[in-house]
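J.: Model the structure of this input:
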Amino acid sequence: MAMWVFGYGSLIWKTGFHYDDRLVGFIKGYRRVFYQGSTDHRGTPDFPGRTVTLEPAEGEVCWGVAYKIIRKEDQEEALTYLEVREKQYDQKAHVDIFSDRAATVPAVSGVLIYIASADQKLNRNYLGPASLQEIANQIVRAEGPSGPNRDYLFQLEKALTLLGCEDRHVIDLANEVRSILSGRN
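T.: As a prediction, this is how the structure comes out:
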């Protein structure tokens with residue numbers, strides 16, 4: 001039986017595991033937000049970066065890419081890899097993926113996603129909401145072992161654009177970061 005994994009952040013452009021097929025699609029009832037702290041990739045424990053997580057949002061959708069993994073060995077390797085990579089995300093869920101806005105039946109069901117919850121007892125890296133400018137300032141300044149936090153934001157913006165997906169939160173945040181950076185020069 002095939003396993004599916006949905007990426008809505010860096011998994012869109014950097015999977016890191018073997019997959020047999022991919023499907024551009026969306027999940028319903030969630031929106032992508034830069035509320036998760038990153039102390040291991042795009043920031044440090046002293047100055048966390050911000051990466052995306054999902055929050056429930058009635059009537060909204062979150063676009064990304066679902067990856068199909070067929071072979072049992074590939075599934076095991078992918079899960080081992082993801083458990084390390086996504087270790088700061090404290091919840092796993094299984095969702096329906098839709099590939100057409102008009103569809104009432106999902107393209108794929110039971111797709112695995114990793115979510116960083118807002119429960120700070122379970123997720124010590126949750127940063128939560130802040131103003132666009134506050135989030136942008138943090139992203140401009142944060143850097144971790146995987147590089148500057150702004151690179152994560154700009155790569156996500158580019159990946160979504162290449163998929164034909166518009167995410168206002170990502171676009172507005174990227175434009176705010178560019179504005180701050182241009183003011184520095």
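J.: check contacts around Q88.
T.: Going by Cβ atoms under 8 Å, 6 or more residues apart in numbering, Q88 touches Q36, G37, S38, T39, D40, A116, N123, N125. Just so you know, the C-beta spots here come from the backbone N, C-alpha and C atoms, and that holds for glycine as well.
J.: same deal with A130?
T.: Residues near A130 by Cβ under 8 Å, 6+ apart: Q138.
J.: at 10 Å what do you get?
T.: Counting by Cβ atoms under 10 Å, 6 or more residues apart in numbering, A130 makes contact with F34, Y35, R50, A136, N137, Q138.
J.: can you tell me the helix or strand for the first one?
T.: When you say that, I think you mean F34. F34 is part of strand 21-38 when elements are defined by DSSP states H and E.
J.: what does the third one give?
T.: Here R50, judged by DSSP H and E, is contained in strand 49-69.
J.: Please apply the same query to the fifth one.
T.: Under the criterion of DSSP H and E, N137 resides in helix 132-141.
J.: Contacts for that helix, please.
T.: 33-35, 37, 42-43, 47-51, 127, 129-131, 148-154, 169, 172-181, 184.
J.: Following element in sequence after that helix, please.
T.: Per DSSP H and E, helix 132-141 leads on to strand 143-144 as the next helix or strand towards the C-terminus.
J.: Now do the contacts for A2.
T.: Y19, D20, D21, K68, I69, I70, R71, Q75, V108, G110.
J.: name the helices or strands packed onto the helix or strand where K92 lies?
T.: Using DSSP H and E, K92 maps to strand 91-97. Other helices and strands packing on strand 91-97, by 3 or more Cβ pairs under 10 Å, 6 or more residues apart in numbering; DSSP states H and E, are strand 3-7, strand 21-38, strand 49-69, strand 108-115.
J.: Mean neighbour count, those strands: which tops it?
T.: Most buried of the helices and strands packed on strand 91-97, by mean neighbour count (mean count of other Cβ atoms under 10 Å): strand 3-7, with a mean of 22.
J.: and the angle for that one with strand 91-97?
T.: Put simply, strand 3-7 runs at 100 degrees to strand 91-97, going by axes from the mean of the first three to the mean of the last three Cα atoms, to 10 degrees.
J.: Longest helix in the chain, please.
T.: helix 168-184 (DSSP state H).
J.: Quick check: buried residues in that helix?
T.: The neighbour-count check on helix 168-184 (16 or more other Cβ atoms under 10 Å) flags V170, L173, A174, E176, V177, R178, I180 as buried.
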